[in-house]
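> Show me how the following folds:
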Amino acid sequence: MSSVLLPSVAGMFYPEHPGELKQQVDSLLAEAPAPAEAPPKALIAPHAGYVYSGPVAASAYRRLLPAADKIERVVILAPSHHLPFRGLATTSADYLRTPLGDIPVDRTAVNQALGLPQVEEFDRAFEGEHALEVQLPFLQRTLNSFSIAPFIVGQADPREVSEVLDLLWGGDETLIVISSDLSHFLDYHSARVKDQHTTQAIEALQPGAIDFDDACGRIPVSGLLIAAKEHGLHAMTVDLRNSGDTAGDRSRVVGYGAYVFN
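Okay, here's the model as predicted:
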């Protein structure tokens, strides 16, 4: 019998009604700039509530639309916000559910990753975790038919992350998504300075220049930068804002960046 991982933050971080969710995501995608470049092999997108980070995330996801029929598998990594654990966690579920429907888990890819010592099946890591879940409706509205290899990243070395990415790298049929916000709870000016520094490190593929408090997804981001360099990819910033620009007060903001890798 198939098992389904139910959504944890529908109705909080994004709408729980399918029609409202579809309308919001489609509107965010429509408002994002149309890209001139080819669809990316990998992207980094933020994971706050859609009212805050949705416009920034949409600027990366819009770039997938020309590849809607080509991308068949998404390898997605997000940091753990609530549960400390060692290594990378994946799920035993056969499907991930959002209000827009069920996404099949690529059990072949997951089982491959489980052959690595740093990866374990640990469903508790997914309970209540928003960072991976909020990316899924964007994928559902930009891609046609795809499966997913989902991972929550705990206390791990970036090289352990890059090893998973290398294993599941694939070709044009595989997209890599990293979920991360940038700085947290600084004033507007300080956040802009810090986030610009982090952005320069991402563009230069220099994980060592990203400190612990520069990005909540520092470890999966750093793992991607290592893998991107090894595979000859280049990083480009497509949007860099914070909650003071989108829907929040400027005295205490969270930074959001969208980056693509080709």
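
> List the residues that contact the closest residue to L136 other than its chain neighbours.
Excluding the flanking residues, the one nearest L136 by Cβ to Cβ, 6 or more residues apart in numbering is T98, at 4.9 Å. C-beta coordinates here come from the backbone N, C-alpha and C atoms, glycine included. By Cβ atoms under 8 Å, 6 or more residues apart in numbering, T98 lies in contact with P7, A10, L21, E133, L136, P137, Q140.

> Show me the beta-bridge partners of the second one.
In other words, A10. Beta-bridge pairing for A10 (DSSP bridges): Y14.

> Distance-wise, check the residue nearest to L136 relative to F146.
In this view, T98 and F146 are 13 Å apart by Cβ to Cβ, to the nearest Å.

> related to what we said a few turns ago, for the residue nearest to L136, grab phi and psi.
Main-chain dihedrals, T98, degrees, to the nearest 10: phi -130, psi 170.

> So what sits opposite it in the bridge?
G101.

> Look up the pLDDT of it for me, please.
Model confidence at T98, given as pLDDT, is 98.

> and if you look at the one 4 residues further on?
Among the per-residue scores, D102 holds a pLDDT of 98.

> Number the chain from 28, please
Taking 28 as the first residue, the last one we looked at is D129.

> all helices of the stretch 128-277 of the chain, in order?
With DSSP state H, counting those that start in this stretch, the ranges of helices along the stretch 128-277 of the chain come out as 134-140, 157-160, 163-169, 185-194, 215-230, 245-257, 270-273.

> Relative to V52, which of the ones you listed is closest?
helix 163-169 (4.6 Å; Cβ to Cβ).

> Which residue, other than its chain neighbours, is closest to L195?
L195's closest residue in space is V102 (Cβ to Cβ, 6+ apart), at 4.9 Å.

> quick check, that neighbour in a strand?
Yes: the assignment for V102 is a strand, going by DSSP: H, G, I helix; E, B strand; the rest coil.
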